[in-house]
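Trainee: Pasting the sequence and the predicted model now:
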2 protein chains.
Amino acid sequence: MSYVPAADDPAADSAVAGRASGPTATRPTAAVLVTGSELLTGLVRDANGPYLARELGALGFEVSELMLVGDRPEDLRSALEFVAGNGAELVITSGGLGPTADDLTAEVVAGFCGVGSRLDPGVQETINAKTARWASRGGFDGPALEAATRKQSMVPEGASVLEPVGTAPGLVLRGTSGPLVVVLPGPPRELQGMWPSALTSPPMAALLAGVQHAEPRLLRFFGLPESEIAATLREIETSGGFPELARVEVTTCLRRSELEVDLHPLPGAEKTADALAEEIITRHRRNLVSADGTTTDELLARVLGEHGLTVATGESCTGGLLAGRLVDRPGSSSYVSGGVVAYSNEAKTSLLGVPAELIGTHGAVSPEVARALADGARERFGTDIGIGITGVAGPDGGTEAKPVGYVCICVTTREGGVLARDRQLPGGRSDVRERSVDMGMHLLLRAAGGLPRG
Amino acid sequence: MSYVPAADDPAADSAVAGRASGPTATRPTAAVLVTGSELLTGLVRDANGPYLARELGALGFEVSELMLVGDRPEDLRSALEFVAGNGAELVITSGGLGPTADDLTAEVVAGFCGVGSRLDPGVQETINAKTARWASRGGFDGPALEAATRKQSMVPEGASVLEPVGTAPGLVLRGTSGPLVVVLPGPPRELQGMWPSALTSPPMAALLAGVQHAEPRLLRFFGLPESEIAATLREIETSGGFPELARVEVTTCLRRSELEVDLHPLPGAEKTADALAEEIITRHRRNLVSADGTTTDELLARVLGEHGLTVATGESCTGGLLAGRLVDRPGSSSYVSGGVVAYSNEAKTSLLGVPAELIGTHGAVSPEVARALADGARERFGTDIGIGITGVAGPDGGTEAKPVGYVCICVTTREGGVLARDRQLPGGRSDVRERSVDMGMHLLLRAAGGLPRG
């Protein structure tokens, strides 16, 4: 077992956390090279690296490097040589396939593989067909477009061509030695759209046929600190009951207030991963959200749909974010009726019927007002379930009794059910609001009966 | 001038976009090495790379590589050698400073710089003081903690030590040759907390003294396609009126439906960047949001505050996201009263007084209903301004006349002002909803008089 703690956890690097040895490198390695000078300014976040890393991991590769390099050909060339020298069997590049003279990825990769390039008339025809419509509409001049298309139709000798999603074709090629190189366009929509055809291209299919793949397990917990999983893993390791433990990589990740525990077996260690998953579940069943990776949002949509239940929200500090999260899913109109963002006390009273005296007696941030917001939303919208959230999001407005981060959430049902929590949440204004929404979603799921039986 | 087109723009890699030559490398180069096997699974997004890239760019460096590598010492060592070989004058590492045996960054960097390590009693004392409280509370055993502290107190010979933010101290060191290396912890909170002291450490301060810094300009436009900026830059370049143009890097970035145009002058080319900025503004004044980087959200908060105006929302397809965006800013309670998420037709009528006949005649997604939602929100909450949004977010519910992506937005004011838009927005469900919110924020800003005069 190798254990990588949750990176979102502020204590991950400093606290005494359990980590076993590094990954046992028996999987073939792959490298990802993302080109784009804009990514090196920090203004734009790279989406392609994480996407490709996840995909490659699922296919059975170990990603050894993820490199962001500038748009200069020498940067890409030296990066290719670096990852090849480190033993990568597969290299994926993204970007630099555009029509202008400095989009040089295809040429650089051809040079790296030791082959020349030639004009591919079939590719030229495909791009012409793609650009014809917007070229006439946009009033582009003929020669410039022709030159651009010609440039994008140059294909390295021996390369497999991947059908363009935009106008840039992808490439799969290998030199006489060295890694297989898959060349993909930079825009995430195009890259992700082209990925399936990259996998079925003959040289990639041949490589994949030799890669052993083992299904990972993804467990999801709510309210469980990462240190608890670390302690559990240490105990399991010490107990010696799992002889093949070294062949399971365990990664934890805190996302939307839930701890995702990813068990990634090396080929042949699937049963050990399953047994380890069962052991972790047994020890932390009270916090389990799902044993198959299903998210809280998916589970909530499912349980509301199955029971024909409807929901309405009454939000103060979260200001509409909980409603926004609920209607994020397609088809949510069948179970979400709507909500009220009652930021001011007057709005709480006039729109959701929260008695002004209740606010006066307990304060706008109180379990009592959270419950009245839930009841008010449920009654105004005529739904089965109502949820109310009120809290001190900060940075101002905190008191000794109710400091910044203090949040009250309540779910009430038509049948008189009440599920309430109040918590002191850590972090800044947006952290407090996001964690409140996470907690609200979890409480709704619990109230709707969508959690596994403890 | 070197030009990097907007990475979010799906056409950026495929369309005929203007791009001049690569960056003129007269700035000193820096590289960022982020360690962490979890980052190579794609499950966790790296936050340190973009943060450091932005900081280094602002200091006057050109970031040549941003590399994510695994936790194995040989990965870090080969990455250090790679970026040093490429000529980096400064290398920042993050991660691998924890207390366990496989947190090896300090040792690897010492080896790379050709120095040994020794126990630093001052550092040991600092860490002891930091861990004493939680160690006693958490029930950690003495010897394990002592070993962990001892490990974190090993300092490479000649290194400057940076005070820990968590328990891991940072390091600044240089070998007899090669780049200056700054070693920082992995948790973003610790890394960012330590950054200021890294900058003032004697070796870093000495390096920075030799780096020329030029203030960048950031322009922000709404509703301007990236291709227009590309065309403008081509024209300006052809006109020959800007002799020092090659010394300004222009990067565009589409974020929240706004085009950010970043003009980054090399030292000495500040006036050219200013003149170029003025020329771009003159040509696209109608779409200008701000000439100093101020965001729509900041401008809206400012203009509402200055004029003492209040806002309420009536949302359908955006489901609370616009209200959530408005209350995202601290102090927003002084100008946001609240909102109603009226997802069902009944809710539109009962909570916001949208006449059922109006919905029957024009349909729930119509300019008429958007206006009634705005009026209803404004009246129910008693605010100066109301905004209504209704649209077909998809994936279902589209018709030929009102396809998926069709959105109607209306802002009305107490004085009878009406500002309305209906648009066919591209993308999937979440794109449509996010772009609707962007458009709503922009329309609110326009209605409140917060845009520059055209």
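Mentor: Yep, it's here.
Trainee: Now do the SS call for A:Ala393.
Mentor: coil (DSSP: H, G, I helix; E, B strand; the rest coil).
Trainee: any idea how far A:Leu451 is from A:Val418?
Mentor: 17 Å (CB to CB, to the nearest Å). To be clear about C-beta, it is placed using only N, CA and C from the backbone, and glycine gets the same treatment.
Trainee: quick one, which of the two is more surrounded?
Mentor: Per other CB atoms under 10 Å in any protein chain shown, whichever of A:Leu451 and A:Val418 has more neighbours is A:Leu451, with 19 against 12.
Trainee: Can you give me the distance of the more buried one to chain B?
Mentor: From A:Leu451 across to chain B, the span is 23 Å (CB to the nearest CB, to the nearest Å).
Trainee: hang on, isn't that residue packed against A:Leu445?
Mentor: Yes: look at A:Leu451 against A:Leu445 with CB atoms under 8 Å: they come within range, at 5.9 Å.
Trainee: what touches both of these two?
Mentor: Common neighbours of A:Leu451 and A:Leu445 (criterion: CB atoms under 8 Å, 6 or more residues apart in numbering or on different chains): A:289, A:299.
Trainee: now the helix or strand that A:Ala370 is a member of: mean pLDDT?
Mentor: Counting by DSSP states H and E, the element that carries A:Ala370 is helix A:367-381. For helix A:367-381, the mean pLDDT works out to 97.
Trainee: pLDDT value on the residue located most distally from the centre of chain A, please?
Mentor: Going by CA atoms, centre = their mean, the residue of chain A most distant from its centre is A:Glu357, 44.4 Å out. A:Glu357 is assigned 97 on the pLDDT scale.
Trainee: How about the one 4 residues further on?
Mentor: In this prediction, A:Thr361 carries a pLDDT score of 97.
Trainee: List the residues that contact it.
Mentor: A:Thr361 neighbours (CB under 8 Å, 6+ apart): A:Glu368.
Trainee: Then A:Ala291?
Mentor: A:217, A:219-220, A:277, A:281, A:452 are the contacts of A:Ala291 under CB under 8 Å, 6+ apart.
Trainee: From these, which land in strands?
Mentor: Residues of the contacts of A:Ala291 located in strands (DSSP state E): A:217, A:219-220.
Trainee: Around chain B, pick out the residues from the stretch 101-250 of chain A.
Mentor: Residues of the stretch 101-250 of chain A lying close to chain B (CB under 8 Å from any CB of the partner chain) are A:101-103, A:140, A:144-145, A:148, A:164, A:166-168, A:185-187, A:189-190.
Trainee: Where does A:Ser350 sit: helix, strand or coil?
Mentor: helix.
Trainee: and the gap between it and chain B?
Mentor: Distance of A:Ser350 to chain B, given as CB to the nearest CB: 7 Å.
Trainee: how about the strands in the stretch 201-350 of chain A?
Mentor: A:217-222, A:248-255, A:258-265, A:288-290, A:311-315, A:336-342 (DSSP state E, counting those that start in this stretch).
Trainee: wait, does the fifth one make contact with chain B?
Mentor: Yes: on the criterion CB under 8 Å from any CB, strand A:311-315 is in touch with chain B at A:313, A:315.
Trainee: name the helices or strands packed onto that strand?
Mentor: helix A:321-326, strand A:336-342, helix A:367-381, strand A:385-391 (3 or more CB pairs under 8 Å, 6 or more residues apart in numbering or on different chains; DSSP states H and E).
Trainee: just to revisit the earlier point, buried ones only from the contacts of A:Ala291, please, as a PyMOL command.
Mentor: Applied in PyMOL, the following selects the buried portion of the contacts of A:Ala291 according to 16 or more other CB atoms under 10 Å in any protein chain shown:
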select buried, chain A and resi 217+219+220+277+281
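Trainee: I'd like the contacts of A:Ala291 as a markdown table, with distance to A:Val32 and pLDDT appended.
Mentor: Below are the contacts of A:Ala291 laid out as a markdown table (distance: CB to CB, whole Å; pLDDT from 0 to 100):
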| residue | distance to A:Val32 | pLDDT |
| --- | --- | --- |
| A:Arg217 | 24 | 91 |
| A:Leu219 | 27 | 95 |
| A:Arg220 | 26 | 95 |
| A:Ala277 | 28 | 95 |
| A:Ile281 | 33 | 96 |
| A:Pro452 | 36 | 79 |
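Trainee: Let me see the confidence value for A:Cys7.
Mentor: Not Cys; residue A:7 is Ala. Confidence at A:Ala7, expressed as pLDDT, is 43.
Trainee: Just checking, which helix or strand of chain A averages the lowest pLDDT?
Mentor: Counting by mean pLDDT, DSSP states H and E, chain A has its least confident helix or strand at strand A:2-4, which shows a mean of 54.
Trainee: for the closest residue to chain B within the stretch 151-300 of chain A, helix, strand, or coil?
Mentor: Closest approach between the stretch 151-300 of chain A and chain B, counting by CB to the nearest CB: A:Gly166, at 3.2 Å. Here A:Gly166 is coil, with the state taken from three-state DSSP.
Trainee: ok, back up a step: from the contacts of A:Ala291, pick the one nearest B:Gln124.
Mentor: Relative to B:Gln124, the closest of the contacts of A:Ala291 is A:Leu219; by CB to CB it sits at 38.3 Å.
Trainee: just how off-centre is stretch A:225-242 within its chain?
Mentor: In terms of CA atoms, centre = their mean, to the nearest Å, the centre of stretch A:225-242 is set 26 Å apart from its chain centre.
Trainee: what's near enough to touch A:Pro267?
Mentor: By CB under 8 Å, 6+ apart, the residues touching A:Pro267 are A:26-27, A:60, A:212-214.
Trainee: Quick one, grab the pLDDT at it.
Mentor: The predicted local confidence for A:Pro267 is 79.
Trainee: Next up, phi/psi of it, please.
Mentor: Dihedral angles of A:Pro267 (phi, psi; degrees, to the nearest 10) stand at phi -50, psi 130.
Trainee: With A:Val327 instead?
Mentor: The phi and psi torsions at A:Val327 (degrees, to the nearest 10) take the values phi -90, psi 10.
Trainee: thought it was touching A:Val336?
Mentor: Yes: contact criterion CB under 8 Å: A:Val327 and A:Val336 qualify, at 5.3 Å.
Trainee: Which positions within stretch A:106-118 qualify as buried?
Mentor: By 16+ other CB under 10 Å, the buried positions in stretch A:106-118 come out as A:106-113, A:115, A:117.
Trainee: neighbouring contacts of that stretch?
Mentor: For stretch A:106-118, contacts defined as CB under 8 Å, 6+ apart pick out A:73, A:76-77, A:80-81, A:84, A:93, A:96-97, A:154-159, A:171, A:173-176, A:178, A:181, A:183.
Trainee: From those, keep the buried residues only.
Mentor: Taking 16+ other CB under 10 Å as the criterion, what is buried in these is A:73, A:76-77, A:80, A:84, A:93, A:96-97, A:154-156, A:159, A:171, A:173-175, A:178, A:181, A:183.
Trainee: Which of those residues fall in helices?
Mentor: With DSSP state H as the criterion, helices contain A:73, A:76-77, A:80, A:84 from among these.
Trainee: Okay, and which of the buried ones among the contacts of stretch A:106-118 map to strands?
Mentor: A:93, A:154-156, A:171, A:173, A:181, A:183.
Trainee: got the residues you listed as TSV, with pLDDT and distance to A:Asp396 columns?
Mentor: Output for these, formatted as TSV (pLDDT from 0 to 100; distance: CB to CB, whole Å):
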residue	pLDDT	distance to A:Asp396
A:Thr93	97	49
A:Met154	92	60
A:Val155	94	61
A:Pro156	95	61
A:Leu171	96	56
A:Leu173	95	59
A:Val181	97	55
A:Val183	97	52
